[in-house]
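Participant: pasting the structure only:
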């Protein structure tokens, strides 16, 4: 059913549903399904863009760039240049070229969207939020974003953008190529762990040389400092030890 509708009127939401209809597909499988849509409707901007997006997900940068540039020559819009900026960032990482495509996106016209009574929406709505009219949204370019007529023999903006694209920075390209060609070294857990340091056993204590600790004495166990009067020094009962004052 999606293929039949795509033949009549290609739409990005139909392509998204077609590519994601089967769960568990890889990026390469989605690229093959996108190429199937392109074969059903050739020489179409939406067909070229859906293949370019799928190729970018599959890391096929050559095909993604070729399809995106073909779509830009056919109809230059904000979505096309933003896609070229994404491809540039993923493939080369050159900030100069990325800024070039971003600048072109700012100058380009907007892509078709759902429009109802002057209101632009990212998704279809059953009612118009302005007038409440049923089934008022249409898929078209907003009126304030329409471009002027193209004169015969004039060079298109896409051709100028492609011709003024700065060259790739060689240093960045070499670093990206080196990082892609560098072999991945898998280090096991045993190799990653630091070498074990041998632990010396603690010397055994010689119980014969150790002196026994003295037992603690109780506080009240020792004799008092003043022993008192001894028995031999006490006066006898007959001895008078008192002084008579009178």
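Facilitator: Received the coordinates, thanks. Note that the structure is a prediction, hence the values are computed from the model and not measured. Numbering: from 1, shown residues only.
Participant: Wasn't residue 115 part of a strand?
Facilitator: Yes. Per DSSP: H, G, I helix; E, B strand; the rest coil, residue 115 lies within a strand segment.
Participant: Please enumerate the helices of this protein.
Facilitator: 2-8, 12-19, 27-40, 45-57, 61-74, 78-91, 95-107, 157-163, 170-181, 189-192 (DSSP state H).
Participant: Residue 111 - how many residues pack around it?
Facilitator: Residue 111 has 17 neighbouring residues, counting by other C-beta atoms under 10 Å. The C-beta positions use only the backbone N, C-alpha and C, and glycine is treated the same way.
Participant: Please disregard the earlier target; I meant residue 161.
Facilitator: Using other C-beta under 10 Å: residue 161 sits among 23 other residues.
Participant: Please list all residues in contact with it.
Facilitator: 72, 76, 81, 100-101, 104 (C-beta atoms under 8 Å, 6 or more residues apart in numbering).
Participant: could you redo the last one with a cut-off of 7 Å?
Facilitator: Listed by C-beta atoms under 7 Å, 6 or more residues apart in numbering, the contact set of residue 161 reads residue 104.
Participant: if I look at it, how far off is residue 41?
Facilitator: According to C-beta to C-beta, to the nearest Å, residue 161 stands 25 Å off from residue 41.
Participant: try residue 116
Facilitator: On the measure of C-beta to C-beta, residue 116 and residue 41 end up 26 Å apart.
Participant: neighbour-wise, which of those two wins?
Facilitator: Each of residue 116 and residue 41 has its neighbours counted (other C-beta under 10 Å); residue 116 has more, 19 against 15.
Participant: Quick check, the more buried one in contact with residue 136.
Facilitator: Yes. Between residue 116 and residue 136 a contact is recorded at 4.0 Å, counting by C-beta atoms under 7 Å.
Participant: Mind listing residues that contact stretch 124-135?
Facilitator: So stretch 124-135 is contacted by 114, 116-119, 136-137 (C-beta under 7 Å, 6+ apart).
Participant: Let's see that with 10 Å instead.
Facilitator: 13, 114-119, 121, 136-139 (C-beta atoms under 10 Å, 6 or more residues apart in numbering).
Participant: Neighbour-wise, give me the winner out of those residues.
Facilitator: Result: residue 137 is most packed of those (other C-beta under 10 Å), 21 neighbours.
Participant: so what's the spatially closest residue to residue 12 that is not a sequence neighbour up against?
Facilitator: Closest residue to residue 12 apart from its sequence neighbours, by C-beta to C-beta, 6 or more residues apart in numbering: residue 46 at 6.2 Å. By C-beta under 10 Å, 6+ apart, the residues touching residue 46 are 6, 9-12, 14-15, 37-38, 71, 75, 112.
Participant: thinking again about what came up before, need the winner for burial among the helices of the chain.
Facilitator: Comparing these by mean neighbour count (mean count of other C-beta atoms under 10 Å), helix 45-57 ranks first with a mean of 23.
Participant: and that one, average pLDDT?
Facilitator: Across helix 45-57, pLDDT averages out at 95.
Participant: Same check on stretch 90-97?
Facilitator: 93.
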